[in-house]
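Peer 1: return atomic coordinates for the entry below.
(chains A, B, C and D)
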2 protein chains.
Amino acid sequence: MKGYQREARDDDDAGPGTLQPWEALVVDAVGNVIDFWKFKRNQGRVWAVLYLRGKAMSATEIQEALGLSKGGVSMLVRELEQWNVVVRVRAPRDDVWRYAAETDLMKMVGHVITEREHQLVKSVLEDLEGALDDAKEAGADAAVIARLRRMKTLADLVDRALRAFVQTARFDVGNAFEVLADPDKVERPERRRR
Amino acid sequence: MKGYQREARDDDDAGPGTLQPWEALVVDAVGNVIDFWKFKRNQGRVWAVLYLRGKAMSATEIQEALGLSKGGVSMLVRELEQWNVVVRVRAPRDDVWRYAAETDLMKMVGHVITEREHQLVKSVLEDLEGALDDAKEAGADAAVIARLRRMKTLADLVDRALRAFVQTARFDVGNAFEVLADPDKVERPERRRR
DNA sequence: GTTGCGGTTCAAGACCTCTTGAACTAGATA
DNA sequence: TATCTAGTTCAAGAGGTCTTGAACCGCAAC
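Peer 2: This next block holds a predicted model:
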C-alpha cells in the first residue's frame, strides 16, 4: 500500500530528472496511479512524459527527463510495449528507436484486464473448484460447502463482469475511452474493427 | 506484481497452519486476490478462514489455523476491522474477543472505494489542476495544455464513475452483492437504510 | 580494425513492506 | 501480592521488488 497518497506535496522538490516542475507533478501523479494498479511507478511515469510531450522520444531523452538509468529505461519501455501502452517507432531517416504513448484507453485497459485480471480470476475459480471437490470428499459440513459455492458464484460473476466490460466498452456509449486521444487523430472507423 | 498467479499448484503443500488442505486452497486463493488488490495477503487469508469456518474465531484460533504470529494476528484483525471487513464480538459469557467475517460485499467494497480509491483520484485531480495552472503560467504549448485538460477530464470521469458505483450499487439490480451472505440471515430492510 | 553509440541483459545492492518475537499492559484468579 | 492469559506495540530482521551500472552485442563511421 505504498504510495496512493504520498506525503502530499513534497516529492516535487528535487528529483534528478530535467522535467519542468509542473511536468513532474503530472508525471508523478500518473506514477502514483499506476503504482497503485500494481504496475511499476516508473512505467507510469514513462507513459506520462510520452503522453504529455506528445511526441515520440528516444530512450536517452526519457532517461534524462526522468532521471533513470539506461538499463532501467530499456526495461521499462519493453514492458510498456508488451502491455500495448507505448509503441516503438523508427522513422525512415532516423537511426534510433523512439517511443510514443498509446492514447486509446480501451486498448490499454482492455489488454490489462484480459491478460492479467482475467488470469487471476481464472486461477481463483480453479482453486475454488478444486477445494469444493476436496471438501465434499472430506465430508465437510453442508454449510461450509454452501459458502464455498457462494464464493465460486461470486468469482463467476466477476469473471463475467470483466468479460462484458471488455467486450462492450469498445463499442460503448460515448467516447469516454477516447478522452486522451488527440481529437483530430481519432480514427472512428477503427472502432468497428475486430 | 508479486503473486497474481503464483506457481500454480505448489503452495498447498506444507504451510505451518493447521488448515485442511482444501481450506488452505481457498484461503490462499483469497489471499492472492486481496494481495493483488494492494492489501496484505494475510488480511485476505484471515477474512477467508473466518468466512469459511462461518463462526467467530479467537485470535489464538486464527493464529493456529494460519500459522501466524501473535502480534501479526493482532495487527491484521485491527486493520480488517478498520476496513469494515471483520467485526469484533464478545459474547456475554465469553472472556476473549472473537472475530467474524463481514459478508456484505458492498459494505466492504464500498468502504474501500470511498476511503482509498476516491482519495487517490482526488489527489490526482488536485495535482493535475495545479500542473495546469503552472503550465499556463509558464506559457506551455497549447497542445500540451489540451492534453493536460484531457487527463483531468479522464480523472473526473473516473471520479464520477466511482461515486456512481458506490451510490447505486447498494440499491442495485439483483442481489449480486449479497452472494456471500448466509441466505437466511440477509436483512432485506437494512438495504434501505442511509 | 577500432571507436562510438544505441540498445539489452543481469547480478548486486538499494529500498520497502511485512512478519516476528520480546517486552509490555490490563484484567482475572488465587 | 504474585501469576496467568489475552491482547497490543514496536524494533529488528526477513523477504520481496526495483534500480543501477557494468559488461556485452551489433552496427555504422572512420
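
Peer 1: which helix or strand in chain A has the lowest average pLDDT?
Peer 2: Lowest on mean pLDDT, DSSP states H and E among the helices and strands of chain A sits helix A:105-112, with a mean of 91.

Peer 1: residues near the residue lying closest to A:Ser69 once chain neighbours are set aside, how many?
Peer 2: Take A:Ser69 and drop its neighbours on the chain: the residue closest to it by C-beta to C-beta, 6 or more residues apart in numbering or on different chains is A:Gln63, 7.3 Å away. (C-beta placed from N, C-alpha, C; glycine too.) Residues lying near A:Gln63 (other C-beta atoms under 10 Å in any protein chain shown) number 21.

Peer 1: contact partners of the helix or strand hosting A:Arg88?
Peer 2: Assigned by DSSP states H and E, A:Arg88 belongs to strand A:86-89. For strand A:86-89, contacts defined as C-beta atoms under 8 Å, 6 or more residues apart in numbering or on different chains pick out A:46-47, A:50, A:56, A:77, A:80-81, A:97-102.

Peer 1: dump it to CSV, restricted to CA.
Peer 2: Output of strand A:86-89 as CSV, limited to C-alpha atoms (Å, rounded to 0.1, in the frame of the first residue of the first chain):
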residue,chain,number,x,y,z
VAL,A,86,3.6,2.5,-25.7
VAL,A,87,4.6,1.9,-29.3
ARG,A,88,8.2,1.8,-30.6
VAL,A,89,8.7,3.6,-33.8
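
Peer 1: that one near DNA strand C at all?
Peer 2: No: Strand A:86-89 lies apart from DNA strand C when judged by C-beta under 7 Å from any atom of the strand; the minimum separation is 7.8 Å.

Peer 1: what pairs with the helix or strand following that strand, parallel or antiparallel?
Peer 2: Sequence order places strand A:98-101 as the next helix or strand after strand A:86-89, per DSSP H and E. Strand A:98-101 has the following strand partners under DSSP bridges: strand A:57-58 (antiparallel), strand A:86-89 (antiparallel).

Peer 1: who's in contact with strand A:98-101?
Peer 2: Applying C-beta under 8 Å, 6+ apart, the external contacts of strand A:98-101 come out as A:46-47, A:50-51, A:55-59, A:62, A:77, A:80-81, A:85-91.

Peer 1: same thing with stretch A:44-58?
Peer 2: The contact list for stretch A:44-58, computed with C-beta under 8 Å, 6+ apart, reads A:19, A:23, A:26-35, A:62, A:65-66, A:73, A:76-77, A:80, A:85-86, A:89, A:96-101, A:103, A:180, A:182, B:143-144, B:147-148, B:151.

Peer 1: helices along chain A, start to end?
Peer 2: Counting by DSSP state H, chain A has helices at residues A:21-36, A:41-53, A:59-66, A:70-82, A:105-112, A:118-137, A:142-169.

Peer 1: what about the fourth one, average pLDDT?
Peer 2: To tie it back to what came earlier, the one meant is helix A:70-82. The pLDDT scores in helix A:70-82 average 97.

Peer 1: run through who's touching it.
Peer 2: With C-beta under 8 Å, 6+ apart, helix A:70-82 has contacts from A:40, A:42-43, A:46-47, A:59, A:62-63, A:66, A:68, A:86-88, A:99.
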